[in-house]
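>>> Sequence and predicted structure, then a few things I'm wondering about:
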Amino acid sequence: MSHYYRNRFNKNYSRATRRIKSFDPSSLVQNNSFTQDKETEYVAVNSFTNLAISDILKKNILVKGYTKPTPIQDQVIPQILEGKDVIGIANTGTGKTAAFLIPLLNEVEKNRSKKVLIVAPTRELAVQIKNEFFAFSRGMNIYSSLCIGGVSIYGQKYELRRNPNFVIGTPGRIKDLVNQRGLNLSTFNIVVLDEVDQMLDFGFIGDIRYLISFLSKNRQSLFFSATIDARTKELLAGFVRNPVTVSVKKQDILKNIKHDIVRVSDRSRKIEQLHDLLIKKEFEKVLIFGRTKWGVQRLSDELVQRGFNADVIHGNKSQSQRLRILEKFKVNAIQILLATDVASRGLDIDKVSHVINYDPPESYETYIHRIGRTGRAEKPGTAITFV
């Protein structure tokens with residue numbers, strides 16, 4: 001490693017360490033609430049069968065395995081069906097995607113002239129939304145286009161000429177398509193901004209404002225986020241009108257996630273401490289987060305050399321590589337997935353037993369979104385942070 005990059009690495013590490021000191025991981029261990037019976041079970045007001053949606057959509061919901069709405073779905077879907085602007089605030093993994101896809105598919109089926117733009121912060125989340133769209137729209141003859149970086153923009157331009165009712169994408173690629181006149185945003189009358197707090201964390205606020213400036217003033221606007229801070233409120237002011245706010249967020253730390261720490265006194269033995277964890281039987285499906293793409297690549301290579309079934313996703317991987325590796329992790333073809341924070345949101349993978357913060361997250365909010373990859377769908381999970 002050159003002198004320049006070593007200094008830069010050390011400065012970045014120091015900054016990240018200072019930021020993470022805003023919360024003490026050891027306090028999470030002391031206050032562990034790894035119990036699921038302390039909180040009264042949510043009783044949904046609605047059911048999928050009595051919602052004012054089409055029969056084919058109800059059938060697709062049933063095939064998807066959904067039996068009753070989650071709190072965010074229960075409270076948001078009726079508001080969207082009434083055409084209202086909505087601000088939805090909920091933890092990751094609570095079913096936000098279905099909360100907006102179900103009513104919007106119903107509205108487009110009733111009125112084929114309606115067009116929906118869905119903007120997400122990462123390629124992975126956009127792909128996940130597209131996959132959910134396929135499941136819920138089966139047999140409805142409603143089409144979508146996925147507009148993300150890492151793949152050819154020309155193929156996306158060709159798809160957009162078919163005038164799909166849904167366009168799902170990331171801010172940068174959508175902006176490129178607008179600037180190259182491949183996408184006319186003024187024709188969209190429903191807009192969804194998903195995981196807004198992460199879009200702002202990634203520095204997309206300028207792109208989002210730019211895209212909003214092209215949208216029709218006469219539109220329905222839906223806004224989903226896990227947190228609402230001053231920057232988010234500023235963006236909201238120019239996006240929604242007389243919105244209904246639905247908040248089902250009770251706490252940041254989900255009750256079915258156990259928190260633990262590993263103290264590192266000798267950095268040269270850090271990899272050995274990780275090795276000793278990963279050989280334990282209960283570490284069945286593990287997601288490991290590191291700070292840099294070079295760091296997670298080196299760690300992945302080391303684990304593979306030690307005989308672990310591991311792979312890695314980061315910014316230097318092509319989109320097709322990232323999707324292929326994620327699919328392998330989903331179907332348990334690999335046991336360990338390493339990632340930078342590109343994967344801290346937007347991944348809906350069943351039965352991740354452990355999330356390991358090998359490098360400290362840059363903020364408390366990043367910690368929350370990293371560990372949200374485990375303990376999903378009411379299943380127990382464990383989050384481990386190296387300190």
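Great, that's in hand. Numbering: from 1, shown residues only.
>>> what comes up buried for stretch 187-207?
188-202, 204-205, 207 (16 or more other CB atoms under 10 Å). Every residue, glycine included, has its C-beta placed from N, CA and C.
>>> same check, this time on stretch 129-148
Residues 129-130, 132-133, 136-137, 140, 142, 144-148 are the ones in stretch 129-148 that count as buried (16+ other CB under 10 Å).
>>> taking the buried residues of stretch 187-207 one by one, which sit in strands?
Among the buried residues of stretch 187-207, the ones falling in strands (DSSP state E) are 190, 191, 192, 193.
>>> The third one against residue 115, yeah?
No. Residue 192 sits out of contact with residue 115 when judged by CB atoms under 8 Å, with a separation of 11.9 Å.
>>> just to revisit the earlier point, now, the buried residues of stretch 129-148 that are in strands?
Members of those lying in strands (criterion: DSSP E): 144, 145, 146, 147.
>>> Dig out what the last one forms beta bridges with.
For residue 147, the beta-bridge assignment (DSSP bridges) gives partners residue 169.
>>> quick one: average pLDDT of stretch 151-168?
Mean pLDDT, stretch 151-168: 95.
>>> which residues sit against it?
104, 108, 112, 114-118, 120, 126, 129-130, 133, 142-147, 173-174, 176-177, 180, 182-183, 188, 319-320 (CB atoms under 8 Å, 6 or more residues apart in numbering).
>>> The chain: strands as residue ranges?
86-89, 116-119, 144-147, 166-169, 190-193, 220-225, 244-247, 257-262, 286-289, 310-313, 336-339, 354-357, 381-386.
>>> what's the least confident stretch among the ones you listed?
Of all these, the minimum mean pLDDT falls on strand 257-262 (a mean of 87).
>>> now that strand, how far from the centre of its chain.
22 Å (CA atoms, centre = their mean, to the nearest Å).
>>> other SSEs contacting it?
Packing partners of strand 257-262 (3 or more CB pairs under 8 Å, 6 or more residues apart in numbering; DSSP states H and E): helix 25-30, strand 381-386.
>>> which outside residues touch the last one?
Contact with strand 381-386 is made by 25, 256-262, 264, 270, 273-274, 277, 352-360, 367, 370-371, 374-375, as judged by CB under 8 Å, 6+ apart.
>>> Could you tell me the angle between that strand and strand 257-262?
In terms of direction (axes from the mean of the first three to the mean of the last three CA atoms, to 10 degrees), strand 381-386 departs from strand 257-262 by 20 degrees.
>>> any weak-confidence spans in the stretch 101-250 of the chain?
For the stretch 101-250 of the chain, the stretches with pLDDT under 70 are 249-250.
>>> What segments of it are helices?
For the stretch 101-250 of the chain, the helices defined by DSSP state H, counting those that start in this stretch occupy 123-137, 153-160, 171-179, 196-201, 205-214, 230-237.
>>> Next, format those helices as a markdown table and append distance to residue 314.
Below are the helices of the stretch 101-250 of the chain laid out as a markdown table (distance: least, CB to CB, whole Å):
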| stretch | distance to residue 314 |
| --- | --- |
| helix 123-137 | 12 |
| helix 153-160 | 22 |
| helix 171-179 | 17 |
| helix 196-201 | 17 |
| helix 205-214 | 22 |
| helix 230-237 | 26 |
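>>> of all these, which lies closest to residue 304?
Taking CB to CB, helix 123-137 is the member of the helices of the stretch 101-250 of the chain nearest to residue 304, at 22.2 Å.
>>> Report the distance from that closest one to the chain centre.
11 Å.
>>> quick one: contacts of that helix?
57, 60-61, 63-64, 97-98, 101-102, 105, 118, 120, 144, 146-150, 166, 168-170, 194-195, 319, 322-323, 326, 342-343, 345-348.
>>> Per the annotation, how does the chain divide into domains?
The record's domain parsing of the chain by automatic domain parsing lists 3-37+252-386, 55-247.
>>> out of those, which comes closest to residue 43?
So among those, domain 55-247 is nearest, using CB to CB, at 9.2 Å.
>>> First residue to last residue on the closest one, what's the distance there?
End-to-end distance for domain 55-247: 29 Å, by CA to CA, to the nearest Å.
>>> re the thing from before, farthest pair within the buried residues of stretch 129-148?
Across the buried residues of stretch 129-148 (CB to CB), the longest gap, 23.1 Å, separates 140 and 148.
>>> residues contacting residue 264?
270, 273, 386, 387.
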